[in-house]
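> requesting a structural model of the entry that follows:
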Amino acid sequence: MEGFSEISEGKAKALFPDAADVFYNPVQEFNRDVSVAVIKAFGEDYQRCQYVFGRWKKTKKSPDGDADDEECESVTKSEGAASHEPAEDSPKQPLRILEALSATGLRAVRYAKEIPNASDIVANDLSEGAVSLIQRNIEFNDCQDRVSASCSDASLLMANSSKKSESFFDVVDLDPYGSPAEFLPTALQCVSEGGLLCVTCTDVAVLCGNHGDACYGKYGSVPVKGAFCHEMALRILLSSLCSHASRCQRYIVPLVSLSVDFYVRVFVRVFTSRSKVKEAPCHLATMYSCTGCTALHFQPLARALPSAGANPKILPGIGPCVPQHCEECGSRFHIGGPIWTAPIYDKNFVEKVVANVAADPESFGTADRIIGMLTMAAEELPDVPLHYCLAKLSNVLRCSQPKALMAHSALLRLGYRVSFVHNCASGMKTDAPPSVVWDVFRAWARSQPAKKVAPASPAAKILAKETDTKISFEVLPGANPPSRQKNLLRYQQNPEPGWGPKCRAKKRHADGIVEDELAKRKRLQGKNSGKKNLVPMKQHTCKLFLAGKCDRTEEECRYNHGTSEQ
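Next up is the predicted model:
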């Protein structure tokens with residue numbers, strides 16, 4: 001078709017305008033593949049509840065074939081936890097899916113063609129041009145009976161859907177350009193009981209600590225820079241989801257959480273329970289990161305104690321968990337959080353997704369990467385938040401980096417658990433305390449050729465300590481995880497130049513002309529030049545010239561080679 005390019009992905013085909021006035025990023029194929037696989041696995045066991053007079057009721061078949069109503073979790077009555085496991089003999093429920101920020105509609109069309117029980121899919125976008133393209137792609141794939149286009153503000157659409165029992169969505173997918181923060185409150189309210197919320201954040205620089213003030217404004221947490229920053233981004237997002245859900249008496253159960261390329265992607269189930277909301281602070285903690293040796297400590301916001309009743313008693317956390325100075329190197333701490341410290345995966349569900357993808361790899365263009373990354377996610381220690389980086393720990397002591405299996409084996413011999421992480425090739429997650437971690441690296445540094453370290457540096461203070469712990473770096477068979485033994489695709493290299501986030505959709509002027517990249521760059525060239533207070537540098541003397549080291553002439557040098565007025 002003239003003016004359009006045809007794109008094939010999965011079982012769907014889409015038309016993309018050559019003018020690029022609608023956003024589309026081919027790099028996100030992995031994101032869409034994972035979404036299809038996760039929703040497909042979720043739909044196999046999902047059992048829908050009905051929202052009747054402020055209560056969630058689950059419909060199930062009685063032995064005589066009649067439908068009975070079973071009371072589910074409700075805000076107004078039940079206080080127990082909702083069941084996450086449906087009846088074994090329950091049929092697959094038709095899924096009602098909302099893609100709130102659809103752009104081209106490719107993802108919605110893929111859901112319709114690749115998820116068998118996706119019966120009612122709404123592809124929404126605020127842009128009229130995008131909605132026109134969505135409708136064109138729906139007709140191009142002949143799925144008008146399952147997908148409908150909507151032109152509405154996403155927050156307004158989700159807010160209206162949360163007020164009617166028949167308008168709740170079983171799956172809500174948020175994949176905005178940038179931060180999803182403004183859509184989270186209404187998204188959590190329009191998901192049905194036990195439904196699935198899928199969220200993508202591409203503002204990773206904010207979540208990883210480059211803009212801490214902006215992160216607090218959007219997600220309610222303060223990030224800390226470090227080698228663990230990408231996992232911290234996931235946990236900050238989950239903490240924000242937990243906070244928003246608690247305000248409407250709901251709580252989240254993470255199924256899959258991934259840090260991929262330049263974005264993070266989480267899949268959580270949403271339930272309703274007052275008692276579970278009261279336990280939410282037990283899943284959050286403030287983190288302390290040593291500025292010298294990167295030692296990690298966590299201060300829970302609350303703790304749960306057994307009580308005579310059915311529900312535990314929630315009490316404030318006890319602290320502080322760290323002294324004023326780090327016990328290992330004497331440095332101060334950076335404080336961040338709150339972050340989510342509960343598990344970010346459901347291991348059984350992740351293994352189910354991997355099995356489904358492995359059984360039908362032809363349906364996913366990135367099947368190898370899905371299997372490799374999710375297998376690694378299932379191998380991670382579920383109850384250990386954040387991780388260390390072998391390269392960073394070695395850099396602190398000014399020594400060469402040990403092989404991962406050697407470091408892992410040393411900790412395993414001491415009785416601690418250890419695992420790789422899915423988002424960092426040199427990452428190491430362990431339940432060993434920082435003192436034991438540094439015992440291992442102290443022994444490793446002493447086995448290497450000595451290097452000079454500054455007397456007051458963290459390395460000097462760590463190496464000055466003595467320990468009676470016997471450390472062996474001989475590799476144990478248990479240190480090598482199955483994902484590594486099978487040579488699965490674990491840490492994919494960028495397959496092509498320019499791999500990463502794309503620019504926003506191109507600007508369309510009132511006369512219908514789309515502005516191309518060169519015109520945009522020319523229009524914006526020097527837009528901030530008038531704002532800069534440029535001080536004439538010729539009034540200052542060139543210090544290199546006075547020292548006889550300036551190799552520029554008077555005209556080439558930005559400073560004065562003469563005597564300036566002081």
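> please count neighbours and contacts with C-alpha atoms only from this point.
Fine.
> what about the helices in the stretch 51-200 of the chain?
For the stretch 51-200 of the chain, the helices defined by DSSP state H, counting those that start in this stretch cover 106-114, 128-140, 154-161, 184-190.
> among these, which comes closest to Arg32?
Checking the helices of the stretch 51-200 of the chain against Arg32 by Cα to Cα gives helix 106-114 as the closest, at 6.5 Å.
> what comes into contact with the closest one?
10-14, 32, 36, 99, 102, 118-119, 121-123, 134, 137-138, 141, 143, 146-147 (Cα atoms under 8 Å, 6 or more residues apart in numbering).
> assign Arg558 to helix, strand or coil.
Under DSSP: H, G, I helix; E, B strand; the rest coil, Arg558 falls in the coil class.
> if we can go back for a sec, turn the helices of the stretch 51-200 of the chain into TSV, including mean pLDDT, distance to Val172 and mean neighbour count.
Putting the helices of the stretch 51-200 of the chain into TSV (pLDDT from 0 to 100; distance: least, Cα to Cα, whole Å; neighbours: other Cα atoms under 10 Å) gives the following:
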stretch	mean pLDDT	distance to Val172	mean neighbour count
helix 106-114	94	11	24
helix 128-140	92	18	20
helix 154-161	93	9	18
helix 184-190	95	7	24
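> return the members of the contacts of helix 106-114 classed as buried.
Among the contacts of helix 106-114, those scoring as buried are 10, 12-14, 32, 36, 99, 102, 118-119, 121-123, 134, 137-138, 141, 146-147 (criterion: 16 or more other Cα atoms under 10 Å).
> strands - which of those land there?
Ala12, Lys13, Ala14, Glu99, Ala118, Ser119, Ile121, Val122, Ala123, Val147 (DSSP state E).
> list the contacts for the fifth one?
If I follow you right, that is Ala118. Counted by Cα under 8 Å, 6+ apart, Ala118 has contacts Pro94, Leu95, Arg96, Ile97, Tyr111, Ala112, Arg146.
> so, low pLDDT: which residues of the stretch 451-566 of the chain?
Along the stretch 451-566 of the chain, segments meeting pLDDT under 70 span 495-518, 528-536, 563-566.
> ranges for the helices of it?
So, for the stretch 451-566 of the chain - with DSSP H, counting those that start in this stretch - the helices run 458-463, 482-485, 517-524, 543-546.
> deepest in the core, which of those is it.
helix 458-463 (a mean of 20; mean count of other Cα atoms under 10 Å).
> centre of the chain versus that helix, how much separation?
Chain-centre distance of helix 458-463: 34 Å, with Cα atoms, centre = their mean, to the nearest Å.
> show me what it is packed against.
Helix 458-463 is packed against helix 434-446, with contacts defined by 3 or more Cα pairs under 8 Å, 6 or more residues apart in numbering; DSSP states H and E.
> buried sites along the helix it packs on?
Pro434, Val436, Val437, Trp438, Asp439, Val440, Phe441, Arg442, Ala443, Trp444, Ala445.
> what's the model's confidence in that helix, averaged?
Averaging pLDDT along helix 434-446 yields 94.
> how about stretch 30-47?
93.
> do stretch 302-318 as well
Stretch 302-318 shows an average pLDDT of 89 in the prediction.
> how about stretch 352-365?
95.
> for it, which positions count as buried?
In terms of neighbour count (16+ other Cα under 10 Å), stretch 352-365 has its buried residues at Lys352, Val353, Val354, Asn356, Val357, Ser363, Phe364.
> residues near Lys470, how many?
11 (other Cα atoms under 10 Å).
> against Leu255, how distant is it?
Using Cα to Cα, to the nearest Å, we find Lys470 at a distance of 39 Å from Leu255.
> farthest-apart pair in the contacts of Ala118, please.
Within these, two members stand farthest from each other by Cα to Cα: Pro94 and Tyr111, at 12.4 Å.
> where does the stretch 51-200 of the chain dip in pLDDT?
51-91, 164-166.
> mind doing that once more with 80?
Where the stretch 51-200 of the chain drops to pLDDT under 80, the residues are 51-92, 163-167.
> cool, and the stretch 251-400 of the chain?
For the stretch 251-400 of the chain, no range has pLDDT under 80.
> residue boundaries of the strands in it?
Using DSSP state E, counting those that start in this stretch, the strands of the stretch 251-400 of the chain run over 263-272, 284-290, 296-300, 302-305, 313-316, 333-340, 388-389.
> where's the one residue sitting closest to the centre of the chain relative to Glu182, distance?
Residue closest to the mean C-alpha point of the chain, counted by Cα atoms, centre = their mean, is Val264 at 2.9 Å. For Val264, the distance to Glu182 (Cα to Cα) stands at 17 Å.
> and what of Asp145?
31 Å.
> was I right to think Val264 contacts Leu207?
No. Val264 lies out of contact with Leu207 (Cα atoms under 8 Å); the separation is 9.6 Å.
> anything in contact with each of those two?
Ala233.
> wait, Gln93 touches Lys40, no?
No. Gln93 lies out of contact with Lys40 (Cα under 8 Å); the separation is 11.5 Å.
> higher neighbour count, these two?
Neighbours around Gln93 and Lys40, counted as other Cα under 10 Å, are more numerous at Lys40. The numbers are 20 against 16.
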